[in-house]
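Chemist: model this:
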Amino acid sequence: MMDNQFFTEQAKEVVRIEIEGLTALIDQIGPDFDHAVNLIMACPGRVIITGIGKSGIIGQKIAATLNSTGTSAGFLHPVEAMHGDLGLVDQRDVVLAISYSGETHELNLLLPNLKDRGVKIIAITGNPTSSLAGFGDAVLTVTVPREACSLGLAPTASTTSTLALGDALAVVLLNCKKFQESDFRRNHPGGSLGERLKIRVSEVMITEGQIPMVSYSASLTEAVQVLNQQNLGAVLIMDNDNLIGIITDGDIRRLVSKDERVNSLTIDQVMTHNPKSIADDLMAADALSIMQRHEITILPVCDKTGRLVGILHLQDLLGKGEFRFLV
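Modeler: Purely as a prediction, here's the structure:
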């Protein structure tokens, strides 16, 4: 019977090697990456990604990520391209060609045909002196110290690093294009997160008796009691119908750790005045944007007159237990 500890240590070593490859990638990102971004930003067409085998699979994922984040992309199989699919490529496009060795026969047969069409080529390769690199207008080097495969044959660390480089390219382009949550929502109309972000704040907010709030004249002790009872992580401070402040769990924790005179303090001394809020007729995506920008998890909701009508918690916005991260 084999020692399970042996399996665990092998798995950890694979991850270490993959991390080693990613660390090496950081130092390889340089001026050609900038050039690649500029080529794509200036491209009036699409990014056509091509590669074969494992590189092709990674290329398909990169194409999907680009499409998801605002850069139109498509995948072209090198063999199919030589048998008619080359018609998909227009001279306005930019081609992203992937081959770790840079000497993949099927891919290198395709490259002269792309050059004849006047297409700009961005090469991703582990060999900056390879044939593929020679065709590249920008060459993105992804050289890893070693593969995680004990035989040194199966692409492992190299494909992980290529995937990470593709993610880096997609995110930089996303930032260049000022891609927003609303844009993401339009590209994900069928996803559960996309559906949730399309609804209005009024459809997901907590209302009426569930809103944790106290009068401005209440004591700090009363405010903390309401905060604990409602268990939303915050209590709103009201002056009649006007929202004037908010006290969060974090405020109380910080207060207790710094001030021994907690019971003698007033609400006014503890609360955040004029807290961020959102109109009830705006979209859930707008609320998410405000929460992310200001690093908050609670957002009061007001109507057009400024009257408090609800409160929005990040968990209710994303779905409790349903989502852990965005795109």
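Chemist: All the strands of the stretch 151-300 of the chain, in order from the start?
Modeler: Remark: strands assigned in the stretch 151-300 of the chain by DSSP state E, counting those that start in this stretch are 213-215, 234-239, 242-248, 272-273, 278-279, 298-302.
Chemist: Which strands border the third one, and is each parallel or antiparallel?
Modeler: What it means is strand 242-248. strand 234-239 (antiparallel), strand 272-273 (antiparallel) (DSSP bridges).
Chemist: Point out the most buried one among those strands.
Modeler: Most buried of these, by mean neighbour count (mean count of other CB atoms under 10 Å): strand 234-239, with a mean of 22. Any C-beta I mention is one placed from the backbone N, CA and C, and that applies to glycine too.
Chemist: about what we covered before: export the strands of the stretch 151-300 of the chain to TSV and append columns for mean pLDDT.
Modeler: Below are the strands of the stretch 151-300 of the chain laid out as TSV (pLDDT from 0 to 100):
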stretch	mean pLDDT
strand 213-215	91
strand 234-239	90
strand 242-248	90
strand 272-273	90
strand 278-279	91
strand 298-302	91
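Chemist: before we move on, back to that, quick one: closest of the strands paired with strand 242-248 to residue 286.
Modeler: Of all the strands paired with strand 242-248, strand 234-239 sits nearest to residue 286, with 19.5 Å by CB to CB.
Chemist: And for that closest one, what's in contact with it?
Modeler: Strand 234-239 is contacted from outside by 211-216, 223-224, 226-227, 243-249, 267, 271, 275, 298, 300, 308, 311, using CB atoms under 8 Å, 6 or more residues apart in numbering.
Chemist: quick one: low-confidence ranges for the protein?
Modeler: Applying pLDDT under 70 to the chain flags the ranges 1-3, 181-198, 258-263, 319-327.
Chemist: Buried residues, stretch 204-212. List them.
Modeler: Neighbour-count burial for stretch 204-212, counted by 16 or more other CB atoms under 10 Å, picks out 204-206, 211-212.
Chemist: how's this protein carved up into domains?
Modeler: What automatic domain parsing lists as the domains of the chain is 4-179, 196-318.
Chemist: Would you tell me which one of the ones you listed is buried the most?
Modeler: Most buried of the domains of the chain, by mean neighbour count (mean count of other CB under 10 Å): domain 4-179, with a mean of 18.
Chemist: Between its first and last residues, how far does that domain reach?
Modeler: End-to-end distance for domain 4-179: 47 Å, by CA to CA, to the nearest Å.
Chemist: All further residue positions should be reported with the first residue as 27.
Modeler: Got it, the first residue is 27 from now on, which makes the last one we talked about domain 30-205.
Chemist: next one: phi and psi at the nearest residue to residue 181 once chain neighbours are set aside?
Modeler: In space, residue 181 comes closest to residue 80 once its chain neighbours are excluded; the distance is 4.4 Å by CB to CB, 6 or more residues apart in numbering. Backbone geometry at residue 80, expressed as degrees, to the nearest 10, gives phi -60, psi -40.
Chemist: Tell me if I'm right that residue 80 and residue 185 touch.
Modeler: Yes - using CB atoms under 8 Å, residue 80 is in contact with residue 185, at 5.2 Å.
Chemist: Off-centre distance for stretch 326-335?
Modeler: Chain-centre distance of stretch 326-335: 31 Å, with CA atoms, centre = their mean, to the nearest Å.
Chemist: quick one: contacts of that stretch?
Modeler: If you take CB under 8 Å, 6+ apart as the criterion, stretch 326-335 is touched by 227-228, 231, 233, 237, 239, 262, 264, 267-269, 272, 301-307, 336-338.
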